[in-house]
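Novice: Just the structure for this:
(2 chains)
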Amino acid sequence: MTTTKHRVGEHLRDQGVSRRAFLKFCTASASLMALPPGLIPAMAAALEQARRPSVIWLSFQECTGCTESLTRSHAPTVEDLILEMISLDYHHTLQAAAGEAAEAAREQAMKDNFGKYLLIVDGSLPGPDANPGYSTIAGVSNYAMLMEAVEGAAAVIAVGTCAAFGGLPEAAPNPTGAVAVMDLIKNKPLVNVSGCPPVPMVITGVLAHYLAFGRLPERDAYHRPLAFFGQSIHDRCYRRPFYDKGLFAETFDDEGARAGWCLYRLGCKGPSTYNACATMRWNAGTSWPIEAGHPCLGCSEPRFWDAGSFYAPLSVPTDLSSSRILTAGAAGALVGGTVATLARRTVATAATSRQPVTADELEQTL
Amino acid sequence: MSALSSIPVRVQSVSHGTANCGNAVPILHEVRHALERLIATGEGTQIDLNAIPFGPEDEAHLLAVLGVGEVRATIDALGPTHVQETAIPGVWLIDYRITEDQRLALHLDIGDIPEILRTQRQDLDTALTTLDARLTRAQGGAQFES
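Specialist: Have a look, this model is predicted:
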């Protein structure tokens, strides 16, 4: 875990990586970043000249799922190469050092690379007004550690929905006063790689982009990289043709479910969720939730825990059964209008308050 | 990921003819446009199939339509890369894999010959040095693995 002055090309040649292997790595990285294959030669040239940056990885209120996701990245060789290209100077779960030695390594790396290191954060943290005792590392509050580390950072990558948007710790009633990293950091380039956990190749793709181009990728309104979050799950879903034809699974075991029809009516949040699962998939590209027959939960979107039932269709209020809506519709426009008003109010309420779902309610919805 | 593949569960494919191949057909038309461009101007095209939202049957349908051609090559660098010319001359399928046989990327290359098959200029820079060293060793009676 030492920082070298080597450029990436030099470093890889020293490791015995041939030019064809390097091109292959660039092809995989370009694919990760959703770059057109025509850009591979330019990317190879840029990566060869890139310097290996120091990386400080801070883990706060999190479950380590994001680190698990990265270390189970679909291609160990590519992941190894990307990790070869950075100098991971602090990650208290992965590093061998512990206790004071680990903290000393962090402080030394921050001092040696002030202004140049990459700060990666996973997990939300108790905000400045919350009780700092809810989450500390080596006796230091998460808030104090983040603020100290961000001072000398060139850029910040918030990995996972907890770091990006607060995630589960921030879900109502938010007992620890959790906030997202972007709520606290306003003066540094920041990218949110949301997801619970994030798609591993998206994490490595953002790292590869930073290495190749020396800056963070283009981002959306939530600071997520557009290359991966630019289109909704719905728009990239292979089941989309069934939605367009009006063919829906109504239960998890009906003919439509077996035939692979659209899961919208089973609560799929694909239309309002932006992520790369539909093309990058999970477990070595084996499958992804919708291909496995389960609706998208919308885990890469802000406050997805508090947005009502995972199994309620998007346009149907969570506490209105389809039979009630049909009855209202049949009763005429006046009643239909009332339902619409009630629906809007219900959706607004659902967005701000947690709505536990019982097995009975689930039965009724489905 | 040998552990994953050892799990005795297999995806049951539901065949609906081309009903589940909604995204393969547009790609085949894109290949046709790329071939026209190659013939007219010599400009090649690469298509990253990983970036396409394929369903379980899309890839099989696409590959079945393209067929298998005359040339097949394997490159051993950072794991195997399988290069296969399809039954359509000028349309190549390149399957980038790592040593554990997991796929890194799957490209269609529409061109005369995929770049990764060519000898790389940077590797040529060391060619004479390598050959000279081997000649010296050969003169000393050294044995070489094929």
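
Novice: Every contact and neighbour count from this point should use C-alpha atoms.
Specialist: Will do.

Novice: What residues does chain B have near chain A?
Specialist: By Cα under 8 Å from any Cα of the partner chain, the part of chain B that sits against chain A consists of B:1, B:14, B:22-23, B:45-48, B:50-55, B:77-78, B:96, B:98, B:102-105, B:116, B:120, B:122-123.

Novice: Go again with 6 Å.
Specialist: By Cα under 6 Å from any Cα of the partner chain, the residues of chain B that approach chain A are B:46, B:51, B:53, B:54, B:55, B:77, B:78, B:104, B:105.

Novice: Tell me how far the fifth one lies from residue A:246.
Specialist: The span separating residue B:55 from residue A:246 equals 18 Å under the rule Cα to Cα, to the nearest Å.

Novice: more crowded one of the two?
Specialist: Neighbours were counted for residue B:55 and for residue A:246 using other Cα atoms under 10 Å in any protein chain shown; residue B:55 has more, 21 against 10.

Novice: Could you list the low-pLDDT ranges of the stretch 151-300 of chain A?
Specialist: Applying pLDDT under 70 to the stretch 151-300 of chain A flags no residue at all.

Novice: what are the ranges of the strands in it?
Specialist: A:153-159, A:178-179, A:190-193 (DSSP state E, counting those that start in this stretch).

Novice: Skipping its backbone neighbours, what lies nearest residue A:66 in space?
Specialist: residue A:197 (5.1 Å; Cα to Cα, 6 or more residues apart in numbering or on different chains).

Novice: What's the local residue count around the one you found?
Specialist: Count around residue A:197 with other Cα under 10 Å applied: 21.

Novice: what do you get for the one 3 residues further on?
Specialist: Neighbourhood size, residue A:200 [other Cα under 10 Å]: 27.

Novice: Equivalent analysis for residue A:175, please.
Specialist: As a burial measure, residue A:175 scores 13 neighbours (other Cα under 10 Å).

Novice: Need the nearest residue in space to residue A:129, chain neighbours excluded.
Specialist: residue A:177 (7.8 Å).

Novice: Make TSV from the strands of the stretch 151-300 of chain A and add distance to residue B:112 and mean neighbour count to it.
Specialist: Shown next, in TSV, are those (distance: least, Cα to Cα, whole Å; neighbours: other Cα atoms under 10 Å in any protein chain shown):
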stretch	distance to residue B:112	mean neighbour count
strand A:153-159	41	24
strand A:178-179	55	26
strand A:190-193	39	26
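
Novice: mind checking the SS state of the residue most central in space within chain B?
Specialist: Nearest to the mean C-alpha position of chain B, by Cα atoms, centre = their mean, lies residue B:94 at 1.1 Å. Classification of residue B:94 using DSSP: H, G, I helix; E, B strand; the rest coil returns strand.

Novice: Bridged to it, which residues?
Specialist: Here residue B:94 sits in beta bridges with residue B:83, residue B:107, going by DSSP bridges.

Novice: what's the burial count for residue A:271?
Specialist: Residue A:271: 17 surrounding residues under other Cα under 10 Å.

Novice: distance of the closest residue in space to it that isn't next to it in sequence from chain B?
Specialist: In space, and not counting its chain neighbours, residue A:271 is closest to residue A:234: 4.7 Å by Cα to Cα, 6+ apart. Applying Cα to the nearest Cα, to the nearest Å, the value for residue A:234 to chain B is 10 Å.

Novice: neighbours around residue A:234, how many?
Specialist: 22.

Novice: same deal with residue A:110?
Specialist: By the measure other Cα under 10 Å, the count of residues near residue A:110 is 26.

Novice: Which helix or strand contains it?
Specialist: Using DSSP states H and E, residue A:110 sits in helix A:99-112.

Novice: Okay, angle between that helix and strand A:153-159 too, please.
Specialist: 130 degrees (axes from the mean of the first three to the mean of the last three Cα atoms, to 10 degrees).

Novice: contacts for the helix or strand just after helix A:99-112?
Specialist: Sequence-wise, the next helix or strand downstream of helix A:99-112 (DSSP H and E) is strand A:117-122. The contact list for strand A:117-122 (Cα atoms under 6 Å, 6 or more residues apart in numbering or on different chains) reads A:54-59, A:153-159, A:163.

Novice: Recalculate using a threshold of 7 Å.
Specialist: Residues from elsewhere that reach strand A:117-122 (Cα atoms under 7 Å, 6 or more residues apart in numbering or on different chains): A:53-60, A:62, A:150, A:153-160, A:162-163.

Novice: what's the answer for stretch A:147-167, then?
Specialist: The contact list for stretch A:147-167, computed with Cα under 7 Å, 6+ apart, reads A:62, A:66, A:110, A:114-124, A:168, A:178-182, A:188-198, A:300, A:302-303.

Novice: what stretches of chain B score poorly on pLDDT?
Specialist: Checking chain B against pLDDT under 70 turns up B:1-21, B:100, B:146.

Novice: Show the residue spans covered by the strands in it.
Specialist: Counting by DSSP state E, residue ranges of the strands within chain B are B:45-48, B:72-76, B:80-85, B:91-97, B:103-110.

Novice: what about residue A:7, how many neighbours?
Specialist: Residues near residue A:7, counting by other Cα under 10 Å: 16.

Novice: Look up which residues are beta-bridged to it.
Specialist: residue A:51.

Novice: quick one: it and residue A:53 touch, right?
Specialist: No: counting by Cα atoms under 7 Å, residue A:53 is not a contact partner of residue A:7; they are 9.8 Å apart.

Novice: which residues touch the closest residue to residue A:279 other than its chain neighbours?
Specialist: Nearest residue to residue A:279, sequence neighbours excluded (Cα to Cα, 6+ apart): residue B:53, at 5.0 Å. Residue B:53 makes contact with A:236, A:237, A:238, A:278, A:279, according to Cα under 7 Å, 6+ apart.

Novice: Pretty sure residue A:281 sits against residue A:291.
Specialist: No: contact criterion Cα under 7 Å: residue A:281 and residue A:291 do not qualify, at 9.2 Å.

Novice: Show me which of these two is the more surrounded one.
Specialist: Each of residue A:281 and residue A:291 has its neighbours counted (other Cα under 10 Å); residue A:281 has more, 21 against 17.

Novice: Now do the contacts for the more buried one.
Specialist: With the criterion set at Cα under 7 Å, 6+ apart, residue A:281 makes contact with A:287, A:288.
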